[in-house]
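[1] Structure here, sequence nowhere to be found:
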């Protein structure tokens with residue numbers, strides 16, 4: 001994208017009259033990032049869906065490199081003329097699953113995928129517009145409001161209840177004039193707001209009262225109450241604080257959500273979750289994953305973390321890859337060349353090559369697969385400055401980053417095990433080279449045949465490919481674990497997620513008055 005805000009031209013129908021909405025709407029805003037908005041909305045989505053309501057999630061703008069593929073007839077077609085696909089934040093895809101529906105681009109019309117410290121790829125209604133410096137996006141985003149409101153109204157037309165999630169803090173008043181996802185959106189869409197505070201972080205009273213203090217009177221009046229989240233212990237000790245908060249703000253206390261232990265069994269929204277990684281221990285197989293600066297779709301590792309025989313460890317900058325590691329997994333990244341430089345800066349490239357010489361195994365997923373080749377080229381400057389970066393040289397392949405993004409859900413087989421696998425591809429690079437003559441996977445080609453995908457070494461110890469979600473295939477995961485020397489627990493991973501969503505819904509039912517919350521929606 002250019003250094004000035006590009007014009008956004010959208011062919012949209014006239015917005016529906018709010019009075020004609022089918023759905024009731026309630027918005028959950030937070031006092032800060034990572035207070036549990038996404039998890040609470042997912043729980044409420046499942047709880048109300050279990051009551052027989054047609055429920056839809058909505059988040060106008062999300063910033064995350066954890067994304068999911070959608071299938072929408074109004075999304076952009078694929079680069080090879082494939083069925084139209086889009087992408088949205090992983091949190092909204094999980095919330096859609098909680099509602100029992102397929103994810104849609106309208107559930108998260110604007111997705112920002114950070115590529116540098118000062119810029120992101122901008123995805124509008126499932127289609128990547130390009131890379132954008134933060135200041136440029138700041139100038140252009142108010143122009144996205146018509147698309148945001150149109151997507152929101154589409155959901156309202158098909159649902160009984162739309163649960164809207166804010167982004168970060170709703171009290172960032174210096175951004176309100178160009179805000180498309182917190183109080184400015186609430187005003188334009190005429191929706192009531194519940195503010196969520198996080199007791200686990202501390203400072204809950206100050207954050208809630210501070211939010212009230214910063215808002216103008218119209219925004220204060222839009223708030224219909226507040227909820228305290230992530231509470232552990234005896235709540236009677238905090239009740240006087242709630243009395244004080246209500247006395248100062250006039251906002252009614254709408255309940256407390258106690259700490260939900262099952263949260264670790266659900267996909268995390270973004271890399272904030274890796275700030276406090278829940279490392280597994282006590283197993284026999286040691287898996288190390290370098291924490292790249294622009295790590296993406298790291299929920300690829302969740303099925304492995306669920307296995308009791310696996311010790312899964314994210315390696316932070318400044319730490320070496322442990323010598324006792326059995327498998328190194330190179331995860332996805334939103335900036336392949338930049339994260340290749342991170343690997344070298346941290347000395348992880350040396351650790352990985354030594355690991356391979358000792359007979360260790362390496363698996364690369366998407367950008368991690370690209371890094372394993374001989375070179376990554378970016379002649380158009382899609383990810384940053386145009387140029388090329390040497391890869392790790394573990395596979396005889398090379399990759400060129402291009403403007404076309406491949407978005408597809410796909411299934412097939414893993415070559416060595418003949419096990420069924422499925423997942424999705426989400427990448428902008430095309431990979432070539434002699435290493436592709438020994439593919440890792442055989443995937444459906446859309447016309448009844450199969451196509452080779454990925455590459456691996458002759459001994460099968462080094463392999464990589466573009467398929468996200470491959471370890472979610474239970475039979476393949478069990479076979480792979482046995483091949484690398486661990487016993488599989490035969491977990492039904494999809495059933496595990498469904499059970500966690502049901503438990504989260506029951507947790508919300510036990511903690512909150514859902515009838516009262518539904519009455520607040522309007």
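    Structure received. Just so you know, these numbers come straight off a predicted model, no measurement behind them.
[2] CA only for contacts and neighbour counts going forward, please
    Fine.
[3] Let me know the secondary structure of the nearest residue to residue 301 once chain neighbours are set aside.
    With sequence-adjacent residues excluded and distances taken as C-alpha to C-alpha, 6 or more residues apart in numbering, residue 301 is closest to residue 471, at 7.3 Å. When classified by DSSP: H, G, I helix; E, B strand; the rest coil, residue 471 comes out as helix.
[4] Wait, residue 425 touches residue 465, no?
    No - counting by C-alpha atoms under 8 Å, residue 425 stays clear of residue 465, with 9.4 Å between them.
[5] which residues do those two both contact?
    Residues touching both residue 425 and residue 465 (C-alpha atoms under 8 Å, 6 or more residues apart in numbering): residue 366.
[6] what packs against the helix or strand encompassing residue 164?
    Using DSSP states H and E, residue 164 maps to strand 161-169. Here strand 161-169 touches strand 24-30, helix 37-50, strand 55-58, going by 3 or more C-alpha pairs under 8 Å, 6 or more residues apart in numbering; DSSP states H and E.
[7] Contacts only, for residue 95.
    By C-alpha under 8 Å, 6+ apart, residue 95 lies in contact with 38, 41, 42, 45, 46, 56, 57.
[8] give the contact list for the closest residue in space to the last one that isn't next to it in sequence.
    In space, and not counting its chain neighbours, residue 57 is closest to residue 163: 5.0 Å by C-alpha to C-alpha, 6+ apart. By C-alpha under 8 Å, 6+ apart, residue 163 lies in contact with 25, 26, 27, 28, 41, 45, 55, 56, 57, 58.
[9] tell me the two of the residues you listed that are most distant?
    Using C-alpha to C-alpha, the two most remote members of the contacts of residue 163 are 28 and 55, lying 14.8 Å apart.
[10] And the pLDDT at the residue nearest to residue 301?
    At residue 471, the predicted lDDT confidence score is 97.
[11] how many neighbours does it have?
    By other C-alpha atoms under 10 Å, the residues close to residue 471 number 22.
[12] Settle this for me: it is touching residue 307, isn't it.
    No - Residue 471 lies out of contact with residue 307 (C-alpha under 8 Å); the separation is 11.0 Å.
[13] All the strands of the stretch 301-450 of the chain, residue numbers only.
    Taking DSSP state E, counting those that start in this stretch as the criterion, the stretch 301-450 of the chain carries its strands at 310-315, 327-330, 332-333, 361-365, 375-378, 387-390, 398-414, 420-432, 441-444, 450-453.
[14] Tell me which of the ones you listed sits most buried.
    strand 332-333 (a mean of 30; mean count of other C-alpha atoms under 10 Å).
[15] For that strand, which helices and strands make contact with it?
    Using 3+ C-alpha pairs under 8 Å, 6+ apart: strand 332-333 touches strand 295-296, helix 367-371.
[16] and this structure, what are its domains?
    By the assignment in automatic domain parsing, the chain contains the domains 22-264+501-520, 285-486.
[17] of all these, which lies closest to residue 494?
    For the domains of the chain, proximity to residue 494 was assessed by C-alpha to C-alpha; domain 285-486 is nearest, at 7.6 Å.
[18] Tell me the gap between the closest one and the middle of its chain.
    Taking C-alpha atoms, centre = their mean, to the nearest Å, one finds domain 285-486 lying 18 Å from the centre of the chain it belongs to.
[19] From start to finish, how long is that domain in a straight line?
    Taking C-alpha to C-alpha, to the nearest Å, domain 285-486 runs 6 Å from one end to the other.
[20] Repeat that for stretch 356-375.
    With C-alpha to C-alpha as the measure, stretch 356-375 spans 19 Å from end to end.
[21] Next up, the contacts around the nearest residue to residue 392 once chain neighbours are set aside.
    Of all residues not flanking residue 392 in the chain, residue 372 sits nearest, at 5.0 Å (C-alpha to C-alpha, 6+ apart). Each residue near residue 372 by C-alpha under 8 Å, 6+ apart is listed here: 364, 391, 392, 393, 394, 395, 397, 464.
[22] Please report how far the residue lying closest to residue 285 once chain neighbours are set aside lies from residue 500.
    Distances taken as C-alpha to C-alpha, 6+ apart place residue 310 nearest to residue 285, at 4.9 Å, with adjacent residues excluded. Residue 310 is 21 Å from residue 500, where distance means C-alpha to C-alpha.
[23] Show me the helices in the stretch 101-250 of the chain, by range?
    Using DSSP state H, counting those that start in this stretch, the helices found in the stretch 101-250 of the chain span residues 134-140, 145-158, 183-189, 204-214, 217-222, 239-249.
[24] Can you tell me which of those is packed in deepest?
    Highest mean neighbour count of the helices of the stretch 101-250 of the chain: helix 145-158, a mean of 20 (counted as mean count of other C-alpha under 10 Å).
[25] Packing partners of that helix?
    Against helix 145-158 (3+ C-alpha pairs under 8 Å, 6+ apart) you get no helix or strand.
[26] ok and that helix relative to strand 161-169, angle-wise?
    Counting by axes from the mean of the first three to the mean of the last three C-alpha atoms, to 10 degrees, helix 145-158 points 150 degrees away from the direction of strand 161-169.
[27] Buried residues in stretch 331-345, which are they?
    Neighbour-count burial for stretch 331-345 flags 331-343 (criterion: 16 or more other C-alpha atoms under 10 Å).
[28] Identify the residues contacting it?
    Residues outside stretch 331-345 that contact it (C-alpha under 8 Å, 6+ apart) are 65, 113-116, 289-290, 292-298, 300, 349-350, 364-368, 370-371, 376, 383, 388-389, 391.
[29] same deal with stretch 52-60?
    With contacts defined as C-alpha under 8 Å, 6+ apart, stretch 52-60 is touched by 41, 45, 48-49, 92, 95-96, 99, 106-110, 148, 152, 155, 158-167, 180-181.
[30] which regions of the chain sit below the pLDDT cut-off?
    Applying pLDDT under 70 to the chain flags the ranges 1-20, 73, 75-84, 117-118, 269-281.
[31] hey, which helix is longest across it?
    As assigned by DSSP state H, the longest helix anywhere in the chain is helix 493-511.
[32] Could you name the helices and strands sitting against the helix or strand just after it?
    Using DSSP H and E, the helix or strand that follows helix 493-511 in sequence is helix 514-520. Applying 3+ C-alpha pairs under 8 Å, 6+ apart, we find helix 514-520 packed against strand 24-30.
[33] for the strand it packs on, packing partners?
    In terms of contacts (3+ C-alpha pairs under 8 Å, 6+ apart), strand 24-30 is packed against helix 37-50, strand 161-169, strand 193-198, helix 514-520.
[34] For that strand, which strands pair with it and how are they oriented?
    strand 161-169 (parallel), strand 193-198 (parallel) (DSSP bridges).
[35] now it, how far from the centre of its chain.
    For strand 24-30, the distance to the chain centre is 20 Å (C-alpha atoms, centre = their mean).
[36] who's in contact with that strand?
    For strand 24-30, the surrounding residues in contact (C-alpha under 8 Å, 6+ apart) are 37, 41, 156, 160-170, 182, 186, 191-197, 518, 520-522.
[37] what's the spacing between residue 137 and residue 144?
    Separation of residue 137 from residue 144 (C-alpha to C-alpha): 10 Å.
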